[in-house]
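Asker: task: produce atomic coordinates for the following.
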Amino acid sequence: MIAKTPEPPYWAVIFSAVQSGKDMAAYEGKAMRMVELAHQQPGFLGYETAQAEGSGEITICYWETEANIRAWKQNTEHLEAQRMGREVWYSSYHIRIVKVERAYGF
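Answerer: Got it, this is the predicted structure:
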């Protein structure tokens, strides 16, 4: 599904990861909770996610401002999910934060 975003500019967090395969039931539950929680955060615009063959994934979350992203990163529940990701659920990950200046499609 493609997120419905406003006219630029807005911000995006690109989260690319390789899952470790450990405790995936807990991971799936926490991932669903993070989506629910993100929707409650000021400035959240939507997200897109995709799974690659094997254990790769990419999720892009869209935000109104960079300050909204910083606030989300410091959310207590999100901090716990980040810790579990580093310690259990991911073999590796990269986060990229970008400002969207142009967007188009059909």
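Asker: now for residue 57: which residues touch it?
Answerer: For residue 57, the contact set (CB atoms under 8 Å, 6 or more residues apart in numbering) comprises 16-19, 49-51. Every residue, glycine included, has its C-beta placed from N, CA and C.
Asker: ok, so of these, who is nearest residue 106?
Answerer: residue 50 (19.5 Å; CB to CB).
Asker: contact partners of the helix or strand encompassing the closest one?
Answerer: Using DSSP states H and E, residue 50 maps to strand 44-51. Residues from elsewhere that reach strand 44-51, judged by CB under 8 Å, 6+ apart: 1-6, 10, 35, 38, 57-64, 68, 72.
Asker: among the contacts of residue 57, which pair sits farthest apart?
Answerer: Going by CB to CB, the pair spanning the contacts of residue 57 furthest: 18 and 49, at 14.6 Å.
Asker: phi, psi for residue 42 please.
Answerer: Main-chain torsions, residue 42, degrees, to the nearest 10: phi -60, psi 130.
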